[in-house]
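Novice: Pasting the sequence and the predicted coordinates here, then a few questions.
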Number of protein chains: 2
Amino acid sequence: MKLEASGWKIGSVDEFLELSQEETEFIELKLSLSKNLKERRQSLRLTQKDLARMIHSSQSRVAKMEAGDPAVSIDLLVKSLLALKTSKKEVAGMLPH
Amino acid sequence: MKLEASGWKIGSVDEFLELSQEETEFIELKLSLSKNLKERRQSLRLTQKDLARMIHSSQSRVAKMEAGDPAVSIDLLVKSLLALKTSKKEVAGMLPH
DNA sequence: TGAAAAAATGTCAATTTCGACATATACTCA
DNA sequence: TGAGTATATGTCGAAATTGACATTTTTTCA
């Protein structure tokens, strides 16, 4: 996976251009939630605008979520998944590794 | 569970003092992560200050995380759990319901 | 007991994330 | 093709979250 490719940066003094294991896992978790959110929305035949309305947000923010933009919180991803009635079991399946 | 008891507030016009299912699930998820983080830290015999160092944060913020303070993000909770080497399986077990 | 360590609580300026908007690019299908 | 729809990208001020700090309260244990 090419994390450097799309805007991910880490502020670490001791490890230049080197991500710690936690940082890598954290990013991978977010990307997994992003990917699953997009798949789930599409399988429900909803537009980004539809989902945006459901979570009281905007189409552009949904696009950023699905693009795995670093400036999107796990909180917003989880809220979106919950809005799409994602079950505990499905969320568990989204955890990387 | 008494959510109203400790600072949780919801901004909804149509539902006064009434939490939507997603909002309730979201809060319960955070509280579950909080509870598990505290248990995990204690079982590892770490102080809040120890954990704070590990995640480059402060003791007071760790205390707020563990207290289930609404003004703490899932992002920080997840980063903390990852710092404590929490496995995918364990995280899955933390999901409410 | 009581002093030291740990945890809880409150505050605040700085940083991050937010929704919103504008606009560009990519799809769909008549 | 091209018009309408969906998605992607960039920006911005507002709102939420942050680490840090001071202080109080609780727990530990000699």
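Specialist: Received it, and whenever you're ready, just let me know what you need.
Novice: ok, A:Ala71 to B:Ile55 distance?
Specialist: Distance, A:Ala71 to B:Ile55, by CB to CB, to the nearest Å: 20 Å. (C-beta placed from N, C-alpha, C; glycine too.)
Novice: To clarify, my last question referred to A:Ile74.
Specialist: A:Ile74 is 15 Å from B:Ile55, by CB to CB.
Novice: returning to that earlier point: if you count what's nearby, which of A:Ala71 and B:Ile55 comes out ahead?
Specialist: Regarding A:Ala71 and B:Ile55, a neighbour count based on other CB atoms under 10 Å in any protein chain shown identifies B:Ile55 as having more, with 18 against 7.
Novice: Against DNA strand D, how distant is the more buried one?
Specialist: 6 Å (CB to the nearest atom of the strand, to the nearest Å).
Novice: for A:Leu84, same thing?
Specialist: Applying CB to the nearest atom of the strand, the value for A:Leu84 to DNA strand D is 14 Å.
Novice: Near that residue, how many other residues are there?
Specialist: If you count neighbours by other CB under 10 Å, A:Leu84 ends up with 18.
Novice: Could I get the pLDDT score of the spatially closest residue to it that is not a sequence neighbour?
Specialist: Nearest residue to A:Leu84, sequence neighbours excluded (CB to CB, 6 or more residues apart in numbering or on different chains): A:Arg40, at 5.3 Å. What the model reports as pLDDT for A:Arg40 is 97.
Novice: ok, now which ones touch A:Arg40?
Specialist: By CB atoms under 8 Å, 6 or more residues apart in numbering or on different chains, A:Arg40 lies in contact with A:Leu81, A:Leu84, A:Thr86.
Novice: for A:Thr86, same thing?
Specialist: A:Asn36, A:Arg40.
Novice: near DNA strand C, anything from the longest helix seen in chain A?
Specialist: Using DSSP state H, we find that the single longest helix of chain A is helix A:21-43. No - for helix A:21-43, no contact with DNA strand C is found by CB under 7 Å from any atom of the strand; the gap never falls below 9.8 Å.
Novice: List the buried residues in that helix.
Specialist: A:22-27, A:29-34, A:36-38, A:40-41 (16 or more other CB atoms under 10 Å in any protein chain shown).
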